[in-house]
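Enquirer: next come a sequence and a model predicted from it.
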Amino acid sequence: METVQVKNWQLEVDPAATERAQALREAGGPESCGCLHCRNFATARNVAYPAEFVQLLGRLGVPPDRESEIYHCGEVEPGLHFYGGWFHFVGRIVSGPDALSGGPPACAIELEKISDRFSFGFTNKLGLVPTSFPAGTVGQLEFSAKVPWVLSEPCVG
């Protein structure tokens, strides 16, 4: 494990173990699902993630196309849709705020804004961890993004 400082978080990460776990997956969440909203996200991924975030993913050993989950919340501005999601990595939060505070039935999401369209944070509250990850120390990188609708198909629902 190596120690990495990311904004307000100190993390212990194992990029090589993360790369191995991610390489065993056939595809990321959007491609695995294939619904209209996921297809739009996958097509717009290259404009959804700021360069700073893509660099962070690289430091963690996570390919940018290996989201464990994404979700669509609707159009929030003309042509921009609100998405959220998360990635997994081998590691843990050593210090810093947990992006998911509270618990059932209500959970607050507190993310670090890095642009008008993108925020992220880390949590120890895990969801949908791919089976390729080793049992034990896994961290979750949450994000939210305003993403353009790029498909020729209209957004429905």
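Expert: Now that the structure is in, tell me what you want to look at.
Enquirer: list the contacts of residue 45.
Expert: 30, 64-65 (CB atoms under 8 Å, 6 or more residues apart in numbering). Glycine gets a C-beta too; all of them are placed from N, C-alpha and C.
Enquirer: nope, residue 92 is what I meant
Expert: 11-12, 124, 137-139.
Enquirer: among those, which are in strands?
Expert: Using DSSP state E, the members of those that fall in strands are 11-12, 138-139.
Enquirer: tell me which of the contacts of residue 92 is nearest to residue 48?
Expert: Of all the contacts of residue 92, residue 48 sits closest to residue 139, with 21.0 Å by CB to CB.
Enquirer: just the buried residues of the lengthiest helix in the chain, please?
Expert: Longest helix of the chain, by residue count under DSSP state H: helix 36-48. By neighbour count, with 16 or more other CB atoms under 10 Å as the criterion, the buried positions of helix 36-48 are 37-45, 48.
Enquirer: related to what we said a few turns ago, so which of the contacts of residue 45 is the most crowded?
Expert: Going through these with other CB atoms under 10 Å as the criterion, the one with the most neighbours is residue 30, at 25 neighbours.
Enquirer: would you confirm that that residue belongs to a helix?
Expert: Yes. Going by DSSP: H, G, I helix; E, B strand; the rest coil, the assignment for residue 30 places it inside a helix.
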